[in-house]
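>>> sequence first, then the predicted structure:
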Amino acid sequence: MSDPLAAVVTAALHLNTVSVAIPALDGLGGISVGYERFLPARKLSIAASVQLRESAAGDYTGVRTGTGVELRWYWRANHQAWLSRQPAGSMAGWFTGGRVDVSFDATHDSIDDRWLDTAVELGASAELGYRIAPWRNLEITPSWNLGWRHEFAQRLPGWSRKTVGVGLTVGWLF
Amino acid sequence: MVVSKVSALVVCTAVLTGCAEVVVESDVSYDDRFGVAKFDTYSPADDATSRPAVLVIHGGGWREGLERDGMADHAHRLAAAGYVAFNLSYRLTPSGGQFPHAVQDCLCALAYIRAHASEYGIDPARIATFGYSAGGHLASMLGTAAADPIVAPDCAAASGAPAMPVAAVVSGAGPQQMTLLPETTAVTDFVGGTQADVPALYAQASPISYVAAGAPPFLLIAGDADWFVDIEHARLMQHALDDVGTETHLLSIPGGGHLLNRGASGASWELELSIDTPEAWAATIDFLDRTIGGAR
């Protein structure tokens, strides 16, 4: 970066965040952890996450694993974000993004002690969110998404459907 | 019996996994007295006979608002897996669906389908029910209460004979003990009053009240964070069925809700029924294969 002032400002920005997804914690049976890297010159970030959760109980046991990547654009990154203590130019405030996920579901019949179908789900979604950073490096990010999901299974034919959802992550900028 | 509109469509279930052909026949009337009493059939595109069948019953709190269209994808997937699926509508409140009419309608549809089994290429002894929420309740009623005079159907297809129960039941988030439900207008409109007003009707409208030896196998699917229909319904029903020696399976979805579940990312709450999750589908198709089976 040729501009010395810009270099100082960029150096003060937090370019990384690690976060956990609150919906994944609901029920205390799983976790989804994400990492995001900001590219301030382009107002873009790249995020990735991994998930692990208990997906079936009762007379069954099940486990879901998965991973996803997302490209985000903080189009108003040059403005100070509402409820944010991070400087203008940070990855805070409004963003939009595109995300792809893959997950694996394995289900086991505990009564008969045998594995049932294993399913693979592919998901793609468009996302709109708003990140606030209200205290020190804490960040809270609600988001809304519209997407498409396709399930591959062994016994069953594939199944596609549209999705609509809300997300919420809490993390730490560094 | 009137087939008001018949459309035979051959469609593919999924581009990504190859094409499973399904023939769809729409708006078949099973009781001419009521315009709503119709179903759509989803059949595997083959000439097989004596196939197993599934009666698909939508939810929506027994009241007007949601229709069978919401279960079309489920019926389609079952058909692509080898089952003949009948996706039915029934009377809803406030337009005549008060207990026991909605149950009677489902029994009329069952009687009609059995009477026309050869036309649909199905085995009348291998019909299961698959329903969600209010549809899960009705699916259970067809498993436990079908032969009870309280819900005896009076349509032409039933011919006054006691209905035989279905061969298997998949009940997703289905109320089994009506007194456990909050007294919302959906519940009081369906049952016909509050628990204080009509306690006997709450018992009569509860599938668990009719559990007896010889009940068909049940698969109960419930989210353990379902705020509308608590998982306790499924647990009580499982205990009652276990007590009479009926094969019963309970799939609990950890953290699963009535209308919100986690998507592929696991990081958001998505508008999704608990029977739509991959583990629910895995348990459902395994249960159907083992009980009414032979669909492959």
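Sure, I can see it.
>>> and residue B:55, what are its bridge partners?
The residues listed as beta-bridge partners of residue B:55 by DSSP bridges are residue B:86, residue B:129.
>>> using the three-state scheme, assign residue 106.
Just so you know, I chose chain A. Taking DSSP: H, G, I helix; E, B strand; the rest coil as the rule, one finds residue A:106 in the strand state.
>>> hmm, no, I was thinking of chain B.
For residue B:106, the secondary-structure state derived from three-state DSSP is helix.
>>> kindly provide the distance from it to residue B:68.
The spacing between residue B:106 and residue B:68, counted by CB to CB, to the nearest Å, is 12 Å. All C-beta spots, glycine's among them, are computed from the backbone N, C-alpha and C.
>>> compare those two (neighbour count), which wins?
The neighbour count for residue B:106 versus residue B:68, taken as other CB atoms under 10 Å in any protein chain shown, is higher for residue B:106 (29 against 21).
>>> report the rounded mean pLDDT for the helix or strand harbouring residue B:186.
Secondary structure here is read from DSSP states H and E; on that basis residue B:186 sits in helix B:185-191. In this model, helix B:185-191 has an average pLDDT of 97.
>>> contacting residues for residue 117?
You didn't say which chain, so I picked chain A. Contacts were defined as CB atoms under 8 Å, 6 or more residues apart in numbering or on different chains; by that measure residue A:117 touches A:107, A:153, A:154, A:155, A:156, B:278, B:281, B:282, B:285, B:286.
>>> hmm, no, I was thinking of chain B.
Counted by CB under 8 Å, 6+ apart, residue B:117 has contacts B:123, B:124.
>>> could you do residue B:70 as well?
With contact set as CB under 8 Å, 6+ apart, residue B:70 has these partners: B:58, B:59, B:60.
>>> does it count as helix, strand or coil?
Going by three-state DSSP, the secondary structure assigned to residue B:70 is helix.
>>> and it, what pLDDT?
Reading off the per-residue confidence, residue B:70 sits at a pLDDT of 95.
>>> how about the residues of the stretch 101-250 of chain B that lie near chain A?
If contacts are counted using CB under 8 Å from any CB of the partner chain, the residues of the stretch 101-250 of chain B sitting beside chain A are B:222, B:224, B:225, B:249, B:250.
>>> where does the second one fall, phi/psi-wise?
This points to residue B:224. phi -80, psi 0 (degrees, to the nearest 10).
>>> repeat for residue A:71
According to degrees, to the nearest 10, the main-chain angles of residue A:71 amount to phi -110, psi 120.
>>> report pLDDT for the residue of chain B most remote from its centre.
Relative to the centre of chain B, and counting by CA atoms, centre = their mean, the farthest-placed residue is residue B:267 at 30.3 Å. Residue B:267 is assigned a pLDDT of 81 by the prediction.
>>> how about it: what's its closest non-neighbour residue?
Distance criterion CB to CB, 6 or more residues apart in numbering or on different chains; nearest residue to residue B:267, sequence neighbours excluded, is residue A:21 at 3.6 Å.
>>> and the buried ones among the contacts of residue A:117, selectable in ChimeraX?
What follows is the ChimeraX syntax selecting those of the contacts of residue A:117 that are buried according to 16 or more other CB atoms under 10 Å in any protein chain shown:
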select /A:107,153,155,156 /B:278,281,282,285,286
